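Q: This is a predicted model, with the sequence first.
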Amino acid sequence: MRRTYLIQKTKPYPQYLFRCKIPKDLVMMFPQKVISLSVKSNSYRHSKIICFNLYKTTQFIFDEVRQGIMQDITLEDVKVILREKVRQTIKHINLYEWET
């Protein structure tokens, strides 16, 4: 499966980014066309997990906006939600690795 939401940057050191295009029907609500966020990991294995969770979260948020449940949400609110999800996922990964 191709992960278009997982981007690797190599300069000045390897790091991974989550990138998600805002759907065309929601472009009017958000000032940018793309959401980009660092996943705070240089491990490809961890970054895949984190980015997949972020992708599911953004799709859920976009569905909520389409249904009118989250009408007043801004791009900054979405980024805050995603940053918190990154922290939670990293914490979960670390707990899992320490227990095994």
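A: Perfect, I can see it now.
Q: now the one residue sitting closest to the centre of the chain, nearest residue through space, not along the chain?
A: Nearest to the geometric centre of the chain sits residue 54, at 3.4 Å (CA atoms, centre = their mean). Nearest residue to residue 54, sequence neighbours excluded (CB to CB, 6 or more residues apart in numbering): residue 18, at 4.7 Å. C-beta here means a position set from N, CA and C on the backbone, and glycine is covered the same way.
Q: thought the one you found was touching residue 41?
A: No - using CB atoms under 8 Å, residue 18 is not in contact with residue 41; the gap is 10.5 Å.
Q: Looking at these two, which is more packed in?
A: residue 18 (25 against 20; other CB atoms under 10 Å).
Q: part of a strand, is residue 8?
A: Yes - applying DSSP: H, G, I helix; E, B strand; the rest coil, one finds residue 8 inside a strand.
Q: partner residues bridging it?
A: residue 16 (DSSP bridges).
Q: how much space between it and residue 56?
A: Distance from residue 8 to residue 56, counting by CB to CB, to the nearest Å: 20 Å.
Q: Now for the nearest residue to residue 23 once chain neighbours are set aside: which residues touch it?
A: Take residue 23 and drop its neighbours on the chain: the residue closest to it by CB to CB, 6+ apart is residue 62, 5.9 Å away. Under the criterion of CB atoms under 8 Å, 6 or more residues apart in numbering, the neighbours of residue 62 are 22, 23, 26.
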